Each structure stands twice: as C-alpha cells, then as structure tokens.
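*Asks:* mind folding the following:
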Amino acid sequence: MGNPRHATPRKATTRDSAAFGAALPKYVPHLKKSTLRLLGKLTRIHLVVLSLAMCSIVLAVTVPFGEARKSDRVVIDLTLNSDGFDTQDAQNPNAQDMPSALQQLEQITAAKIEAPKTEVREVKRGDTLSGIFASAGLGANSVHAVMRAGPEGKALATLMPGESINFEFDHLGDLARVSRVKSPLETTHFLPDAGEFQIESVVREPEIKRIHRSGIVDSSLSLAAEKAGLSASTTMNMANIFGGVMDFALDVRGGDRFTIIYEEHYIDGKKLKDGAIVAAQYVNAGTEFNAFRYVHNNGEVGYYNEEGVSMRKVFLRAPLDFTRVSSSFNLRRLHPITKKVRPHRGIDYAARTGTAVFSVGDGRVVTSGYSKSNGKYVIIRHGDAYTTKYLHLHKRNVKRGQRVKQGQIIGQVGCTGLCTGPHLHYEFLVNGVHRNPRTIIKKLPKAKKLAKAKLPAFNSAIDSRREILQHFSQQFELAALQQVE
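*Replies:* Model (predicted):
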C-alpha cells in the first residue's frame, strides 16, 4: 500500500479576500445585534474585566516588537474610579491609538444599559386592537399571537374606553411586554415567548380609609352635601339608602342635618374612588333616621336601622332624587296645555333633561313605548296588585318583559309628548285604581326585620359604628349650635 495522501491546505487568494470583503457588510448588523445580546447578559464586573482584556489586546497589536524588546516591559496604570470604568495610561508610547477602541466599547456598553422604552396608548371610542398595535409599529402577526394567548388574549377584542395598552421595548428595540391596564388595580401582562405570549395577571388591593362628613341642609340636600365635601355618587347613595323612609323632593326641610361614615379607596397614595357607606344618619324635621351597612353570611348586603329593620321598603318614596314637585295629585286640575279640567292622576317632578329615573320597586316591565300624549313612557308591574307609570321620558333604558330591581335606572327625564317643560309624570296604581303616590306609601306593607336569631350577630357588627356615628353627629350638632350663638 502506498503512503496515505495528505490534503495540502489551500492558501487564501486575493479573490477570496475580495469575496469576504464584499459579503462582510450584510453580516455586520447581525454581528452587532448578537454582540449586544451577549453584552446584555454580562454583569458590571464582567464588563470591567472585558474592558481590561481589550486594552491589553490593543496594546499587544499596536506596540512594535522591536520597541517592546527595547523596553523590558510596558507598564499600564489602570486606575478604576468610583464608577469602575476610568482608565489612565502611564507609560504606553502608543496610547494615542487607544481612545477609539475604548470609545467603541463604551458605546456598546452604553447601549447595553440603556433604559427600556415604554409607549402608552389610551383606548378611545372606536379604537381597534390592530390599530393600536400598528401605532406602536407592530403588525398583524403580533396581534394574532397576543389574541391566541388564552381567554385573556381573546378578551382584548372588547377593549373599553379609558383602558390603556402599554408596549415595552428593550434596549435592542424588541418587544419585551404588552400590558392591558383595565384600572390602577387590574393589569394583564403579555410576555413574548418563542413567537407566543405568556400571561401574567396582576391584581392589587386598594388601601381603604374611613371618612366621616357632616352637613346642614339650607335649601337642598345636594348643595349641602357638596359643601360638606361629598361626591355626587356618595350623595346619591345616601339618598337611596334613606329613599324608603323619606322623599327628598318633598320631605327635606331647612335645618335638616346628616352625618355619614364611608370608605375611600387609595392606591400608591392617590385616591381612586369612594367606596361603600358603612353608617349614616339623617335628621329630618327633628326625626332621626340611622342606617348601618350589614353583610350577611351569604354575601348579601343590606342597610338596617339600629333595631335591625331594613331601610329598603317595598317601594321607594320617589322615583328620582333632588327635584321639586311641579304638580301634585289632583283629580280636578286645569291642564296647562288643553286648558280643560282633567284629573291629574300622578305627581310631576320637575328636573333637568337627562336626570336618572329609577324603578320604585322590583317588578317586570309590561310596556316600554311611545304615545302622542305620554311621549316615551315605561309601565312596570310589581306583583299582582301594584303598577307604576313613568311618562314624558327623554330616553327609555328598559324593554318590555325585562325584570327590574328597586333603584334600577329605567330612563331619563325629558319632555316628550304633551308637556311644557322637562319633568317626570309618575303614577301609582293599586288593583288598577290610581292612588296618590304621596300618601299610598304609608299604607303599603312594612319593611322586613332581621330574624331574631340574626340580631346578636347584627348588633355585634354595628356596635362600634353606632357609637362612632353618634359621636360625630353630636360633635357636629354642638359645633353648629355654637356658631348660632
């Protein structure tokens, strides 16, 4: 057998060098990005060591061999300052060539520690998910990938105005995270993972503070509540709580006073909203009404007086709040438009167009329609005996056959049909006969009381709130008397 042949390495030619040089530019961006990714994984100490190594390499290739022999050794004074990156050259004759290399390294490391960029898109009416993604420079593939990420991804198809979609990009410009912020308390993060998205849900609990407010009514409850620092929503809640025992359109008197204890929700020191009213007192013409929030074992929430009697009557005294009565129940009233004597079988509540109208009790909508005289109107049947009518509405919020709860908004005050100005015409019928809504309420079934077996737990739950409520109420009454004196 002959000697085995050994392949002789082929020497690189000028043509090879030219081909390599021509192909090199298209690999530069990929090389740069790969380098940045690698550096992004290094710690600060690793970067310092890498800097020192590069300095050594630069010196090795820039100092001529002959000169290196003449000097026994090259001494480099690398002094680290408090930042850990400052270098000083002591005895390198070619130090003028070093700054460019170090500057390049500094540029690379600076890119590595550059802060990620976040773009926030607030959802507005008419916005689509694809449009929001496109505004952040992301295409349809990203949209489809996010929407495939389980139920949370599919839910992105129903974005609500006021929410926001946040896009976070890393220092390389790659998408690092998409977040749907429903509220300051609820956020869903979508994290890219090999072409798909992983879900991370964050739910925060607010800090809850209990606040007390007191006020005296001069002309209207709404003005007194605003002066006391109450929001419109909390004022409405207070009126709803006492709506079964008094009519705020007819019963309010100058000198009435109120005290309430309610919750305010905070996150990161900022107020989010008002919470529930936990205790309230309203003194109407010398008569004191107290209400306490109580949560049953099954989670049901109700308001009761100190004896455990529900504040929720079978029917509310009025179908809307903070208005005035422009026309009362009168079977021989002169009609303002026809100028003929016609029975006025209800009560007219004057209010601004758009004022909420709510059902005075639980029931079923039997009619939601329009007529020339009544305009837009709603009729609700409450069991077998009782029926209520709501006329001249600007807007109807319910449909025929729909079940409604006491206090549920069924429409808005308007001036449709035969009317001279925006108001609600309200009627109350018992077994098909019109009755005066103002007086019939007193003859209706009484409110329910907690079972005797539940009273000990109820009293234990409200004892401290009852004492605190009385304390603040007495303090406010005393201060008011001192101001008068």
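*Asks:* residues near Gly354, how many?
*Replies:* Neighbour count for Gly354, taken as other C-beta atoms under 10 Å: 11. In this view, the C-beta of every residue, glycine as well, is placed from N, C-alpha and C.
*Asks:* so what are the domain limits for this structure?
*Replies:* Listed by automatic domain parsing, the domain ranges of the chain are 36-112, 117-203, 207-313+448-453, 324-443.
*Asks:* redo the ones you listed as TSV? Include distance to Ser460 and mean pLDDT.
*Replies:* Written out in TSV, the entries for the domains of the chain read as follows (distance: least, C-beta to C-beta, whole Å; pLDDT from 0 to 100):
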stretch	distance to Ser460	mean pLDDT
domain 36-112	58	56
domain 117-203	31	93
domain 207-313+448-453	11	94
domain 324-443	28	88
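*Asks:* can you add distance to Gln474 and give those domains back as a markdown table?
*Replies:* Shown next, in a markdown table, are those (distance: least, C-beta to C-beta, whole Å):
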| stretch | distance to Gln474 |
| --- | --- |
| domain 36-112 | 63 |
| domain 117-203 | 37 |
| domain 207-313+448-453 | 9 |
| domain 324-443 | 31 |
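*Asks:* next up, the contacts around Lys124.
*Replies:* Residues in contact with Lys124, defined by C-beta atoms under 8 Å, 6 or more residues apart in numbering, are Pro161.
*Asks:* so it sits in a strand?
*Replies:* No. For Lys124, which was evaluated using DSSP: H, G, I helix; E, B strand; the rest coil, the result is coil, with no strand membership.
*Asks:* for it, grab phi and psi.
*Replies:* Main-chain dihedrals, Lys124, degrees, to the nearest 10: phi -120, psi 160.
*Asks:* distance of it from Tyr266?
*Replies:* Using C-beta to C-beta, to the nearest Å, one obtains 27 Å as the distance from Lys124 to Tyr266.
*Asks:* hmm, back to that, how about the domains of the chain, which one is nearest Leu478?
*Replies:* Proximity of the domains of the chain to Leu478 was assessed by C-beta to C-beta; the nearest stretch is domain 207-313+448-453, lying at 11.1 Å.
*Asks:* gap between that closest one and the chain center?
*Replies:* 24 Å (C-alpha atoms, centre = their mean, to the nearest Å).
*Asks:* ok, Arg125 - how many residues close by?
*Replies:* 7.
*Asks:* so in that sheet, which strands flank the strand ranked longest in the chain, and in what orientation?
*Replies:* The residue-count maximum for a strand in the chain (DSSP state E) belongs to strand 270-284. Sheet pairing of strand 270-284 (DSSP bridges) gives strand 257-267 (antiparallel), strand 287-295 (antiparallel).
*Asks:* mind listing what's buried in it?
*Replies:* For strand 270-284, the neighbour count (16 or more other C-beta atoms under 10 Å) marks 274-275, 277-284 as buried.
*Asks:* same question, stretch 474-481
*Replies:* Phe476.
*Asks:* which residues touch it?
*Replies:* Taking C-beta under 8 Å, 6+ apart as the rule, stretch 474-481 contacts 214, 216, 257, 259.
*Asks:* export it as PDB, just CAs?
*Replies:* Taking only C-alpha atoms (Å, rounded to 0.1, in the frame of the first residue of the first chain), the coordinates of stretch 474-481 have been written out as PDB:
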ATOM      1  CA  GLN A 474     -73.200  65.100  68.400                       C
ATOM      2  CA  GLN A 475     -69.900  66.900  67.800                       C
ATOM      3  CA  PHE A 476     -71.300  68.400  64.600                       C
ATOM      4  CA  GLU A 477     -74.600  69.400  66.300                       C
ATOM      5  CA  LEU A 478     -72.700  71.100  69.100                       C
ATOM      6  CA  ALA A 479     -70.400  73.000  66.700                       C
ATOM      7  CA  ALA A 480     -73.500  74.200  64.800                       C
ATOM      8  CA  LEU A 481     -75.200  75.400  67.900                       C
END
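*Asks:* most surrounded residue in the contacts of stretch 474-481?
*Replies:* With neighbours taken as other C-beta under 10 Å, the top of the contacts of stretch 474-481 is Thr259, carrying 25 neighbours.
*Asks:* residues in contact with it?
*Replies:* For Thr259, the residues meeting the contact criterion (C-beta under 8 Å, 6+ apart) are 212-214, 280-281, 469, 472-473, 476.
*Asks:* now do 7 Å
*Replies:* Neighbour list for Thr259: 212, 214, 281, 469, 472-473, 476 [criterion: C-beta atoms under 7 Å, 6 or more residues apart in numbering].
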